[in-house]
Structure formats: C-alpha cells, structure tokens
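K.L.:
Fold the following, please.
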Amino acid sequence: MPQIFKIKNSLAAILLFALIACERKIEQFETPQIAEYFPTTIGKHIIYRVDSTVFTNFGRTEETHKYQVKHEVDAEIRDNQNRISYRIIRSRRDTAGTQPWIIDGTYFVTSLSDQVEVIENNLRFIKLHLPIKLQTKWKGNRYLSSNPFFPNYSFNNDDNMNDWDYNYFQFHDSLLIGNQQIKDIITVNQIDEAVNVPIVNAGAYASKSFSIEKYAKNIGLVYKDFILWEYQPNPGGTLGYKIGFGMKMWMINHN
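P.N.:
Just a heads-up that it's a prediction; the model follows:
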C-alpha cells in the first residue's frame, strides 16, 4: 500500500509540473502611443530644409529647388466625419531664412486611437499605425485611388499605390538628422522599387519609386524622402524624358 501511495504521489507531482510548464503565459506588450510621435498641440511648429526635384525642358533637365518650409498646428476642427482634426498651415521661405514666411497651403491631421491620418491635396494617408513595433504592416494609402497623381503626372508609379505596404523598419535611440542628433526615432518604409536605375541603357524604360519617413518622439516628422519618376525612352534614338518629382526634407528647428 505505501508503494502504491508513493507512485500516486509521483504521478500527481508529474502532472502538476506538466500543467505549470504548459500554462500559457501572456506577455504584456506596451506600445508607444501614436500622439507621442505625431503631436498636434496648437502652436507647435517644425521647420524643415527642403530639396525639391523637378524635371523641366520637356523632362530632359533635372532641377533641384531649395527652400525652408514650416508646418504649424493652427487650429482644432471637425472633419467631414465629425472627428476631431487639426489644421496645419504650411509656409515657405528662402534657404537662408532671411525672407518672411509666405503661406503655401494647408493640410489636416486626424489622430485616432490606433492610427494617424493626414489629408493633403484631397489625398488621405495613414501615416502611423499601432502597434508601434518592428515589422508592423498596414496599407497606408488604402484610401487613395489607383492613380492619385493623375492628371498632374501621367506615369505608372502611382498605379496601385493604394496597395503599398507601410512598415516600421528601424528604431533608433539616437540618429543624426541634418546636423542634429535626435533621440527616439522610428523609421517608416513605404515603397522602394526601381527599374533600370541608374539608367545605363537610355533606350530602355526606367522608373524609381521610393518613400521613407522618420518620426521622433515628442517632435513628429523629422525626415522625409519621397521620389516618384518614370523615364520614357525616345524611339528616335535621342535622350528620353522623365515624368515625376522628388522631395527630400529634414528638420532644422522646432518648438
């Protein structure tokens, strides 16, 4: 009888250990809040240096226009869905900052519980999405049409732009932006595709689609590189032409 009792106790102990070992452990993942990387306090502003790429001379000449731009949170409003949004005023001046600011347009930001939406030129983007962790993916352009830049730009780069996969690519404790060391930065990859780039065969089609943004905690957008262009060869054998644009901007000041 004692032997049987010992066996029973041993079996009970084994079963108890197995239950404890197999017990499902739920790990609590704490994600930063959206507002930490896209603050919308009224009066907040960020000043950027901008290099804007345009193609002139019927797409055969590439020019870079340089200037400063300021984005300032102007007012709280309601969007067409009656959600709280914020109007951002965009102003522009020379690169040296010696000329007065001239208003250059507005756009709108709606910060929801799980994502940040930006509406600019009637185009709606989902810039950030929870959870903020590496490899989180979302359709950041899902509200766009299949050719959102038409008729201003008649190219193929924006075909199916609404299917782009945004994702958090890198987290940096500190990163050099311009000439400033900035802390707590997340990098959002949006697209990185190229055909025949650099152009080694002027008689062949080429294109480049690249978009990346970096956000700093308690500051907002600190860096952006957005390139969309398409090269069409000339059947006559002369140099072809490019259609599209590019914009690189980085923060130089903020309040």
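K.L.:
got any ranges where the protein has weak pLDDT?
P.N.:
Regions of the chain meeting the criterion pLDDT under 70 cover residues 1-30, 237.
K.L.:
Let me see the ranges of the strands in it.
P.N.:
Along the chain, counting by DSSP state E, strands occupy 45-56, 61-78, 84-93, 102-111, 115-120, 123-129, 137-138, 166-177, 180-195, 206-216, 220-232, 241-254.
K.L.:
bridging residues for the closest residue to Gln135 other than its chain neighbours?
P.N.:
Leaving aside its chain neighbours, Gln135 sits nearest to Asn167 (6.0 Å; criterion: Cβ to Cβ, 6 or more residues apart in numbering). C-beta coordinates here come from the backbone N, C-alpha and C atoms, glycine included. Here Asn167 sits in beta bridges with Lys137, Asn189, going by DSSP bridges.
K.L.:
what residues does stretch 160-173 touch?
P.N.:
Stretch 160-173 is contacted by residues 126, 129, 132-148, 183-191, 211-212 when judged by Cβ atoms under 8 Å, 6 or more residues apart in numbering.
K.L.:
start to end distance for that stretch?
P.N.:
Here the two ends of stretch 160-173 are set 34 Å apart, with distance taken as Cα to Cα, to the nearest Å.
K.L.:
Next, the buried residues of it.
P.N.:
Going by neighbour count (16 or more other Cβ atoms under 10 Å), the buried part of stretch 160-173 is 161-162, 164, 166-168.
K.L.:
now do stretch 120-133
P.N.:
In stretch 120-133, counting by 16+ other Cβ under 10 Å, buried: 124-130, 132.
K.L.:
can you tell me how far the residue most central in space within the chain sits from Ala206?
P.N.:
Centroid check for the chain by Cα atoms, centre = their mean gives Glu213 as the closest residue, at 4.1 Å. Counting by Cβ to Cβ, to the nearest Å, the separation of Glu213 from Ala206 is 24 Å.
K.L.:
Equivalent analysis for Ile132, please.
P.N.:
Here Ile132 is placed at a distance of 35 Å from Ala206 (Cβ to Cβ).
K.L.:
got the strands of the chain as a markdown table, with distance to Tyr153 columns?
P.N.:
Below are those laid out as a markdown table (distance: least, Cβ to Cβ, whole Å):
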| stretch | distance to Tyr153 |
| --- | --- |
| strand 45-56 | 10 |
| strand 61-78 | 15 |
| strand 84-93 | 20 |
| strand 102-111 | 18 |
| strand 115-120 | 16 |
| strand 123-129 | 13 |
| strand 137-138 | 25 |
| strand 166-177 | 21 |
| strand 180-195 | 15 |
| strand 206-216 | 12 |
| strand 220-232 | 7 |
| strand 241-254 | 6 |
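K.L.:
Of those strands, which is nearest Phe38?
P.N.:
Nearest to Phe38, of all these, is strand 115-120, at 4.7 Å by Cβ to Cβ.
K.L.:
Run through the neighbouring helices and strands of that closest one.
P.N.:
Secondary-structure packing of strand 115-120 (3 or more Cβ pairs under 8 Å, 6 or more residues apart in numbering; DSSP states H and E): strand 102-111, strand 123-129.
K.L.:
Touching it from outside, list them.
P.N.:
Contacts for strand 115-120 (Cβ under 8 Å, 6+ apart): 34, 38, 79, 107-111, 124-130, 138.
K.L.:
Which single one of the residues you listed is nearest to Ala96?
P.N.:
Of the contacts of strand 115-120, the one sitting nearest to Ala96 (Cβ to Cβ) turns out to be Tyr107, at 25.6 Å.
K.L.:
So for that closest one, what's the nearest residue that isn't a sequence neighbour?
P.N.:
Tyr107 sits nearest to Glu120 (Cβ to Cβ, 6+ apart), 3.8 Å away.
K.L.:
and the one you found, what are its bridge partners?
P.N.:
Leu123.
K.L.:
can you tell me how far it sits from Gly236?
P.N.:
Distance of Glu120 to Gly236, given as Cβ to Cβ: 39 Å.
K.L.:
same deal with Gly203?
P.N.:
10 Å.
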